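Participant: Sequence plus predicted model, see below.
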Amino acid sequence: MMPSQSVRAVYIAGYGRSGSTILDIALGQHTAVVGAGEITSLTRHVWRHNEYCACGKTTRDCSFWSAVLQEWSEGWDSELMSEYCALQQRFEGLPVFIKVLYGIGLGKQFTPYALHTKRLFNAMLSCSGKQLILDSSKLPGRAMALAQIPGIDMRVIHLVRDGRGVAWSLLKGYERDTKSGLQNEIKPKSVFRTALRWSIVNLAVEYLSRKLGPQKVMRVRYEDFASNPVAVMQQIGTFLELDLSQIGSSLQNGEPMGPGHQVAGNRLRMKPSIALTKDESWRTRMPAGQQVSFQRLCGWMLRRYGYL
C-alpha cells in the first residue's frame, strides 16, 4: 500500500557539468530542504559500493544515510536493493517518455517502483526532520517517472548551461579517486558526443515541461545563477514557496557553504567549504575550432537559451 503522506520534492533536471551540484548545495542550506544529491545513484551503486557522502563519511558510516537505509528496507527481504535497481533501469530512462507521449500504460511493475520510491522519500524526510527533498539526479526520464507517482508533489528546475562550456568541461578526463568523490575514471568526451546528448537531454526536459505545465517547471541558466544569485534565488524561492533571500545574499557576497549529505554528483561536494564562482574558462581556453564545431551542431539550441 502506498503511504498516504504527501511528499514535497524538487528535481534538478538537465545535462551534466551544468552546476547541479552547487545549486543542490545552495538550496540545501535552507532549514526545510534536504539536499541529497543524485538520489537515483543510491541504489544503482552508492550503497552497493559504500561510496562517500558529502559529509566525508562512507554511506554505511554516515548517520543520515545509514538511518535512511534501515528505515527504507525495514520489513523487506534482502533482495529489495537489486529489485528496485532493476525497476529504476526500467522506468528512469528516456523510453518512459515514449510511453507517456503515446498514452501507453507503464505496466503493473510501475506500482512497486512507485511504492519503494515514495517509501525512500518518506524515510529521508523522517530521518532528516525536514519538509522538502531536493533530488539533483538530472535524468529527465527519472523526473517523468517521479511525476507519475501519486502523492509526490514535485517541482522541476530545468538547469541549463552554455553547451560549449559543458563540452569544454567534458573534454577533460580524471583518474579514479574515491575519497575525492570520483568513483570511476572519467574519460574525455568528444565535442560531437556532448553536442548530441546535450541537445537530446534538454529537449527531453522541455517536453517534460510541457507535460507538467509551467506552474511546475522553471528554467534556470547556470550563468545567471553564478552572476546574480540574489535574483535567481528569489525566483526559485517564489517557485518553491521558500524564503531563499538570505542564501542568495550569502552567495552574492562570496560566503562559503558547507555541503550536507549529497551523494554522487560533482566531486565539488566533497569540499568542506564551497563558494559560488562563475566558470567560463571555456571562452578563452577552448580551441576556437571546437567552439565552432559545437556551434554548428547546436547553434539553434544555443539561440533558444539566449547564448547566441
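Facilitator: Structure's in. What do you need? Every value quoted in this text rests on a predicted model; they were computed, and no experiment measured them.

Participant: Just give me the residue right at the centre of this protein.
Facilitator: residue 136 (1.7 Å; Cα atoms, centre = their mean).

Participant: May I see the buried residues of the helix or strand bottoming out on mean pLDDT in the chain?
Facilitator: Lowest mean confidence among the helices and strands of the chain (mean pLDDT, DSSP states H and E): helix 95-101, at a mean of 85. Along helix 95-101, these residues count as buried under the neighbour rule (16 or more other Cβ atoms under 10 Å): 96-97, 99-100. For glycine as for every other residue, the C-beta is placed from the backbone atoms N, C-alpha and C.

Participant: what number of residues lie near residue 196?
Facilitator: As a burial measure, residue 196 scores 13 neighbours (other Cβ atoms under 10 Å).

Participant: and what of the one 4 residues further on?
Facilitator: Under the neighbour criterion other Cβ under 10 Å, residue 200 is assigned a count of 13.

Participant: follow-up on the earlier one: pull the residues that contact the following helix or strand past the least confident helix or strand of the chain.
Facilitator: Downstream of helix 95-101, the next assigned helix or strand under DSSP states H and E is helix 110-128. For helix 110-128, contacts defined as Cβ atoms under 8 Å, 6 or more residues apart in numbering pick out 1-3, 5, 7, 9, 34, 36, 39, 42, 64, 67-68, 71-72, 80, 83-84, 87-88, 90-91, 131, 133, 145-146, 148-152.

Participant: what sits against the closest residue in space to residue 145 that isn't next to it in sequence?
Facilitator: Residue nearest to residue 145 in three dimensions, not counting chain neighbours: residue 91, with 4.5 Å by Cβ to Cβ, 6 or more residues apart in numbering. For residue 91, the contacting residues are 106, 109-110, 113, 141, 145, by Cβ under 8 Å, 6+ apart.

Participant: Let me know the closest of those residues to residue 294.
Facilitator: For the contacts of residue 91, the residue nearest residue 294 by Cβ to Cβ is residue 141; the value is 24.3 Å.

Participant: Mind telling me what element that closest one is part of?
Facilitator: Counting by DSSP H and E, residue 141 is found in helix 140-147.

Participant: Could you look up the SS state of residue 133?
Facilitator: strand (DSSP: H, G, I helix; E, B strand; the rest coil).

Participant: Could I get the average pLDDT for the longest helix anywhere in the chain?
Facilitator: Counting residues, the longest helix found in the chain (DSSP state H) is helix 191-212. Helix 191-212 shows an average pLDDT of 96 in the prediction.

Participant: Restricted to helices, list the contacts of helix 110-128.
Facilitator: Those of the contacts of helix 110-128 lying in helices (DSSP H): 64, 67-68, 71-72, 80, 83-84, 87-88, 90-91, 145-146.

Participant: could you list every residue that touches the residue lying closest to residue 206 once chain neighbours are set aside?
Facilitator: Excluding the flanking residues, the one nearest residue 206 by Cβ to Cβ, 6+ apart is residue 158, at 7.5 Å. Contact analysis of residue 158 by Cβ under 8 Å, 6+ apart lists 13-14, 202, 205-206, 209, 217-220.

Participant: Next up, phi/psi of residue 272, please.
Facilitator: Here is the backbone geometry of residue 272 (degrees, to the nearest 10): phi -70, psi -20.

Participant: how much space between the residue nearest to residue 167 when sequence neighbours are not counted and residue 100?
Facilitator: Closest residue in space to residue 167, ignoring its immediate chain neighbours: residue 194 at 4.3 Å, by Cβ to Cβ, 6+ apart. From residue 194 over to residue 100 the distance is 26 Å, taken as Cβ to Cβ, to the nearest Å.

Participant: still on that earlier bit, isn't the residue nearest to the centre of the chain right up against residue 12?
Facilitator: Yes. Residue 136 is within contact range of residue 12, at 4.1 Å (criterion: Cβ atoms under 8 Å).

Participant: What sits closest to residue 171 if chain neighbours are left out?
Facilitator: Residue 171's closest residue in space is residue 188 (Cβ to Cβ, 6+ apart), at 5.3 Å.

Participant: err, residue 6, not the other one
Facilitator: Here the residue nearest residue 6, using Cβ to Cβ, 6+ apart, is residue 151, at 5.3 Å.

Participant: Packing partners of the longest helix of the chain?
Facilitator: Applying 3 or more Cβ pairs under 8 Å, 6 or more residues apart in numbering; DSSP states H and E, we find helix 191-212 packed against strand 7-14, helix 95-101, helix 140-147, strand 152-160, helix 163-170, strand 217-221, helix 288-304.

Participant: Using CSV, lay out these together with distance to residue 243.
Facilitator: Below are these laid out as CSV (distance: least, Cβ to Cβ, whole Å):
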stretch, distance to residue 243
strand 7-14, 15
helix 95-101, 34
helix 140-147, 25
strand 152-160, 16
helix 163-170, 31
strand 217-221, 17
helix 288-304, 32
